[in-house]
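In: Sequence and predicted structure, then a few things I'm wondering about:
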Amino acid sequence: MTDGLPRFAVDRSLERLAGWLRWLGFDAVCLRHLDRQGIETLACREGRLLLTRSPPTQRAPQRAGTLVLASADFRGQLREIDRVHPLGGW
């Protein structure tokens, strides 16, 4: 985190959400060329919270720092994130 704000790594299923997070002033990366393992590695290496809609498999259990979002629309997704990591009155 920088300046107390969470930093996000967003998988490709949430590309639109990444754009909204950036528009709201958050550091959010979404790299289409990375698979799930690649984005997890990036998130861990850079101290980012991983946002995804894909639940973890038994072979790849959910890591700390991963938030699996249930909502299909970005407003609901922002509310889900805000409950866990307050976004500061967006």
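Out: Alright, I've got the coordinates. Numbers count the residues shown, from 1 in each chain.

In: Please report how far the spatially most central residue of the chain lies from Leu67.
Out: Nearest residue to the geometric centre of the chain (CA atoms, centre = their mean): Leu51, 2.3 Å. Remark: distance between Leu51 and Leu67 (CB to CB, to the nearest Å) = 5 Å. Heads up, the C-betas are built off the backbone N, CA and C, glycines and all.

In: tell me, what's touching the two both at once?
Out: Both Leu51 and Leu67 are contacted by Ile81, under the criterion CB atoms under 8 Å, 6 or more residues apart in numbering.

In: could you pull out the helices for the protein?
Out: Here the chain has its helices, by DSSP state H, at 15-23, 36-46, 74-84.

In: The last one packs against which elements?
Out: Contact partners of helix 74-84 among helices and strands, from 3 or more CB pairs under 8 Å, 6 or more residues apart in numbering; DSSP states H and E: helix 15-23, strand 66-68.

In: what does the lowest-mean-pLDDT helix or strand in the chain rub up against?
Out: Lowest mean confidence among the helices and strands of the chain (mean pLDDT, DSSP states H and E): helix 36-46, at a mean of 87. Applying CB under 8 Å, 6+ apart, the contact partners of helix 36-46 are 7, 9-11, 29, 31, 34, 48-50, 52, 54, 60, 63, 65-66.

In: Hmm, Arg16 is touching Phe74, no?
Out: Yes - contact criterion CB atoms under 8 Å: Arg16 and Phe74 qualify, at 5.5 Å.

In: Have a look at those two and say which one is more surrounded.
Out: Phe74 (16 against 13; other CB atoms under 10 Å).

In: Settle this for me: the more buried one is touching Leu17, isn't it.
Out: Yes - assessed by CB under 8 Å, Phe74 is found in contact with Leu17 at 4.9 Å.
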